[in-house]
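Enquirer: I'll drop the sequence and a predicted model, then ask my questions.
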Amino acid sequence: MKKIKNILFVLCLLPLAAFASGVEVKLDHAPIQTTDKLSLQRGAQTFVNYCLTCHSADYMRYNRLRDLGLSEKQISDNLIFTGQKPGGLMHTAMVKKEAKQWFGVPPPDLSVIARSRGADWLYTYLRQFYRDDSTATGWNNLVFDRAAMPHVFYQLQGEQSLKVEMVDDGHGGKHEVKKLELSKPGSLSKTEFDKQVADLVNYLVYLGEPAAAYRVQLGIVVMLFLFFMLGLAYALKHEYWRDVHH
């Protein structure tokens, strides 16, 4: 119960934190397809390599990845680096007390981050980091100003710098427009990096509700069954009342 209360408390604070950032950025559409198992497998690999170091997913077990077409051996060999068993929860190795000292706040659990923030927000946020020497980490973010999280993907994406332009607002005044420019290329092209982030966000959406795809499939089956029963009931009613009407 204590864990559930802590997560609910964090979820309540997240919208306030976003509002406090005061930055309005048009969110990019996240190409989410939770039925694409290959995308989810790639996303899970990115998650354990880059996110699970600091963040946990305490409501997800490693062996649930079998739903994505992975065997327990593949999970153990490629996705578990903490000595845990496939049946264990996806805990982070980082101590919360130390994390708070390093980042100011302990990194939140990501089990339901996609449900609280939204896929578009995550997809945009993870691609909008830029160099900022005024912050403790040396990084900032257009979506979440002065975020405590550093840019863990900078070697892949490269380093972006902030450019501020004054643009005519069409009413005789000017307004500030912030843009990011790639100042130092990474190991991936923009298209490749966007695809990797999309796979990660796709997995985070799956993480928030692993049974969502099955629930949709079951719903379709139930609806087809109800329509079949409706037709059967109508035929039975027609047969029952045939002598009365005629």
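Expert: Arrived safely.
Enquirer: quick one: contacts for the residue nearest to Pro185 when sequence neighbours are not counted?
Expert: Among residues not flanking Pro185 along the chain, Gly158 sits closest, at 4.5 Å (C-beta to C-beta, 6 or more residues apart in numbering). Using the backbone N, CA and C atoms, a C-beta is placed for each residue, glycine as well. By C-beta atoms under 8 Å, 6 or more residues apart in numbering, the contact set of Gly158 is 182-186.
Enquirer: Recalculate using a threshold of 10 Å.
Expert: When the contact criterion is C-beta atoms under 10 Å, 6 or more residues apart in numbering, the partners of Gly158 are 151, 182-190, 193.
Enquirer: For Val197, give its distance to Gln74.
Expert: Val197 is 23 Å from Gln74, where distance means C-beta to C-beta, to the nearest Å.
Enquirer: chain center to the biggest helix by length in the chain: distance?
Expert: Longest helix in the chain by number of residues, with DSSP state H as the criterion: helix 212-240. Centre-to-centre, helix 212-240 and its host chain are 35 Å apart (C-alpha atoms, centre = their mean, to the nearest Å).
Enquirer: Who are the packing partners of that helix?
Expert: Judged by 3 or more C-beta pairs under 10 Å, 6 or more residues apart in numbering; DSSP states H and E, the packing partners of helix 212-240 are helix 190-208.
Enquirer: Sort out which residues of the helix it packs on are buried, please.
Expert: For helix 190-208, burial by neighbour count (16 or more other C-beta atoms under 10 Å) applies to 193-194, 196-208.
Enquirer: Also stretch 43-52?
Expert: For stretch 43-52, burial by neighbour count (16+ other C-beta under 10 Å) applies to 43-48, 50-52.
Enquirer: average pLDDT across that stretch?
Expert: For stretch 43-52, mean pLDDT is 94.
Enquirer: Which parts of the protein are helices?
Expert: 2-21, 37-46, 72-78, 96-103, 113-117, 119-125, 154-157, 190-208, 212-240, 242-245.
Enquirer: export those helices to CSV and tack on distance to Tyr62?
Expert: Below are the helices of the chain laid out as CSV (distance: least, C-beta to C-beta, whole Å):
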stretch, distance to Tyr62
helix 2-21, 18
helix 37-46, 9
helix 72-78, 5
helix 96-103, 21
helix 113-117, 18
helix 119-125, 22
helix 154-157, 24
helix 190-208, 12
helix 212-240, 19
helix 242-245, 61
